[in-house]
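**Student:** Here is the input, now give the coordinates:
(chains A and B)
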2 protein chains.
Amino acid sequence: MALFRLPSSGPAALMPRGHGLLLRAPQMSDFPQWAQLREFSRGYLTPWEPIWPSDDLTRSGFRRRLRRYTEDIAADRSYPFIIFRESDGMMIGGITLANVRRGIVQAGTIGYWVGQPHADRGYMTTALRVLLPSLFGELNLHRIEAACIPSNGPSIRVLEKCGFTREGLARRYLCINGIWQDHLLFGLLHEDFRG
Amino acid sequence: MALFRLPSSGPAALMPRGHGLLLRAPQMSDFPQWAQLREFSRGYLTPWEPIWPSDDLTRSGFRRRLRRYTEDIAADRSYPFIIFRESDGMMIGGITLANVRRGIVQAGTIGYWVGQPHADRGYMTTALRVLLPSLFGELNLHRIEAACIPSNGPSIRVLEKCGFTREGLARRYLCINGIWQDHLLFGLLHEDFRG
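**Tutor:** The predicted structure follows:
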C-alpha cells in the first residue's frame, strides 16, 4: 500500500541511545548477565509476568528465545530490546515492542521489565523516552499501546510520565502468573509525542 | 506451551451453520457474487471501511486476496468467512477474525460487513451467534475483541446483542475511509458467552 511506508532501515540496526542508556536487540553473549539478573529478580518479577518456562534461564532456552526474536524481527512482527547502562555495560532490563500491525493499523504494543537491583530509579521512564523516537521514526508507527495490571503502580507511572493516555480496561486480558487478569489499556499517538 | 491447546481441527474445515445461515472461507467461485454485492454496496460501506484498492473488485484482486487468506489461515493468524443464506445461496456479507494471538493472550479481533440489500434485518447478529461457538470452541479463543467507530450505531447494536461489553475508547485507532478514527473497544469472554 503506497499510503504506509515500511521501515526504511533494517530493524536489526535499531540501537537507540541517550541519557546514559543504550538499547539493542539481545544476542547470545548477553546470556550470562541476562540469566543472572532474571534469576536474582525472579520473585520481584513473577507477579507481573507470564509463567516462566522451566528451562527459561538455561543457555538452550535463551538460544531458542533468540531464534524466535530473529524470526519476529525479520517478519516485522516484534522488536525486543535489552537496556544497558553505557558507563559500565550493566544490564538494566528490557523492552519489547510486540504485535506490530501494519496496513490500516500501524501500531504495536510495548511490554517491559526492570531488574530488581535497578528498580525505582527512573531507568524505565528514561529507556522508553530513548526508544520512542525510533518506534515513531524508523519503525513508522502511528500508535503505541501498552497494557498494565491495575495494581502495578510503578508501571502505570512510567507510562503516564511518557505521555501515554489511559483508554480502557480490558477484562481478563492476559494470562499473567497463571491467572487471566484485567488490564488497563494505554495509548500514545505520534502526535501526542511530537506535541 | 502445555497450558494452551492449539486448534484441534484444521481451520479450513470451519463451516458453522444455523438459523438458516452458513459461514465458510471465501473461494474463487465466490468472485462474481462477491464483486457484485460489494460494488452495489460501495457507497453504503465506504464510511466504515479502509480505502478500497483500485483493483479490489477485479478477478486478479480477488485471487490475491484469497492467496493472502490461505497464508493467514495456515499461520493461525486470521480466519475470513463469507455469510450465505442457506435456502437460496444468497451472499449476505462477511466476518473476519483477525490478529489472532496465542500464548498468554488467546484472543482475536472480529470485523464484519453486510451487503446493503441485506442491511437492518438482523443477519449480522445471527451470523455472529452462529460463528461464536466455533471461535471459542474449535479455535480455543479465550477473548474476542471488536472495535467500532462511535457513530456506527448499527454495528454497536450487533455487538451488544451478542453480549460484548464496551471496554474503552482507542484514539485514532484505525485508518478508515482515509482518516485515522477513534474506535470504541468491545470484548467478549468465553465465560460471558457460556454464562
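**Student:** which residues of chain A fall in strands?
**Tutor:** A:17-18, A:21-24, A:79-85, A:91-101, A:107-114, A:143-148, A:165-176, A:179-189 (DSSP state E).
**Student:** Parallel or antiparallel, list what pairs with the shortest one.
**Tutor:** When sheet partners are counted by DSSP bridges, strand A:17-18 sits next to strand A:21-24 (antiparallel).
**Student:** How about residues contacting the partner strand?
**Tutor:** For strand A:21-24, the surrounding residues in contact (Cβ atoms under 8 Å, 6 or more residues apart in numbering or on different chains) are A:14-17, A:81-86, A:92, A:95, A:123, A:126-127, A:130-131. Heads up, the C-betas are built off the backbone N, CA and C, glycines and all.
**Student:** Need the buried ones from those selected in ChimeraX.
**Tutor:** Buried residues within the contacts of strand A:21-24, by 16 or more other Cβ atoms under 10 Å in any protein chain shown, are selected in ChimeraX with:
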select /A:14,16,81,82,83,84,92,95,123,126,127,130,131
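**Student:** Ignoring the adjacent residues along the chain, who's closest to the residue in chain A that chain B sits nearest to?
**Tutor:** The nearest approach of chain A to chain B comes at A:Gly168, 1.6 Å away (Cβ to the nearest Cβ). Leaving aside its sequence neighbours, A:Gly168 sits nearest to B:Gly168 (Cβ to Cβ, 6 or more residues apart in numbering or on different chains; 1.6 Å).
**Student:** A:Leu169 is in contact with the one you found, correct?
**Tutor:** Yes. Using Cβ atoms under 8 Å, B:Gly168 is in contact with A:Leu169, at 6.6 Å.
**Student:** Comparing the two, which residue is more hemmed in?
**Tutor:** Neighbours were counted for B:Gly168 and for A:Leu169 using other Cβ atoms under 10 Å in any protein chain shown; B:Gly168 has more, 21 against 17.
**Student:** From A:Gln116, how far off is that one?
**Tutor:** Per Cβ to Cβ, to the nearest Å, B:Gly168 is found 32 Å from A:Gln116.
**Student:** Repeat that for A:Leu128.
**Tutor:** A:Leu128 sits 19 Å away from A:Gln116 when distances are taken as Cβ to Cβ.
**Student:** what's the answer for A:Tyr79, then?
**Tutor:** As judged by Cβ to Cβ, A:Tyr79 and A:Gln116 stand 25 Å apart.
**Student:** what about those two, which has more around it?
**Tutor:** A:Tyr79 (26 against 16).
**Student:** so what's A:Tyr44 up against?
**Tutor:** Contacts of A:Tyr44 by Cβ under 8 Å, 6+ apart are A:Gln116, A:Ala119.
**Student:** So which elements touch the top helix by length along chain A?
**Tutor:** Counting residues, the longest helix found in chain A (DSSP state H) is helix A:59-74. Counting contacts by 3 or more Cβ pairs under 8 Å, 6 or more residues apart in numbering or on different chains; DSSP states H and E, helix A:59-74 packs against helix A:31-40, strand A:79-85.
**Student:** residues making contact with the longest one?
**Tutor:** By Cβ under 8 Å, 6+ apart, the surrounding residues in contact with helix A:31-40 are A:26, A:45, A:56-59, A:62, A:82, A:91, A:93, A:115-117.
**Student:** can you list the residues of chain A near chain B?
**Tutor:** Within chain A, the positions near chain B by Cβ under 8 Å from any Cβ of the partner chain are A:1, A:3, A:50-51, A:53, A:99, A:101, A:103-107, A:142-143, A:145, A:165, A:167-176, A:180, A:185, A:187, A:189.
**Student:** Which members of those residues are classed as buried?
**Tutor:** Of the residues of chain A next to chain B, these count as buried by 16+ other Cβ under 10 Å: A:50, A:99, A:101, A:104-107, A:142-143, A:145, A:167-176, A:180, A:185, A:187, A:189.
**Student:** Extract the CA atoms of the helix or strand bottoming out on mean pLDDT in chain A and return them as CSV.
**Tutor:** In chain A, the helix or strand scored least confidently by mean pLDDT, DSSP states H and E is helix A:190-194, which has a mean of 88. Extracted in CSV, the C-alpha atoms of helix A:190-194 (Å, rounded to 0.1, in the frame of the first residue of the first chain):
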residue,chain,number,x,y,z
HIS,A,190,2.7,10.0,17.3
GLU,A,191,1.1,13.4,17.5
ASP,A,192,0.9,13.2,21.4
PHE,A,193,4.6,12.6,21.3
ARG,A,194,5.5,15.4,18.9
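**Student:** which other helices and strands contact that helix?
**Tutor:** Secondary elements touching helix A:190-194 (3+ Cβ pairs under 8 Å, 6+ apart): helix A:123-136.
**Student:** what does the average pLDDT come to for the helix it packs on?
**Tutor:** What helix A:123-136 shows for mean pLDDT is 98.
**Student:** what bridges to A:Ile144?
**Tutor:** Applying DSSP bridges, one finds that A:Ile144 bridges with A:Gly108, A:Leu188.
**Student:** got a list of what it touches?
**Tutor:** With Cβ under 8 Å, 6+ apart, A:Ile144 has these contacts: A:Leu97, A:Ala107, A:Gly108, A:Thr109, A:Ile110, A:Leu132, A:Leu135, A:Phe136, A:Phe164, A:Gly187, A:Leu188.
**Student:** So how do I select the buried members of those residues in ChimeraX?
**Tutor:** In ChimeraX, a selection of the buried entries from the contacts of A:Ile144 looks like this (16+ other Cβ under 10 Å):
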select /A:97,107,108,109,110,132,135,136,164,187,188
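**Student:** Export the contacts of A:Ile144 as JSON lines, with columns for distance to A:Tyr69.
**Tutor:** As requested, those are exported to JSON lines (distance: Cβ to Cβ, whole Å):
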{"residue": "A:Leu97", "distance to A:Tyr69": "12"}
{"residue": "A:Ala107", "distance to A:Tyr69": "20"}
{"residue": "A:Gly108", "distance to A:Tyr69": "15"}
{"residue": "A:Thr109", "distance to A:Tyr69": "16"}
{"residue": "A:Ile110", "distance to A:Tyr69": "15"}
{"residue": "A:Leu132", "distance to A:Tyr69": "20"}
{"residue": "A:Leu135", "distance to A:Tyr69": "17"}
{"residue": "A:Phe136", "distance to A:Tyr69": "22"}
{"residue": "A:Phe164", "distance to A:Tyr69": "25"}
{"residue": "A:Gly187", "distance to A:Tyr69": "25"}
{"residue": "A:Leu188", "distance to A:Tyr69": "23"}
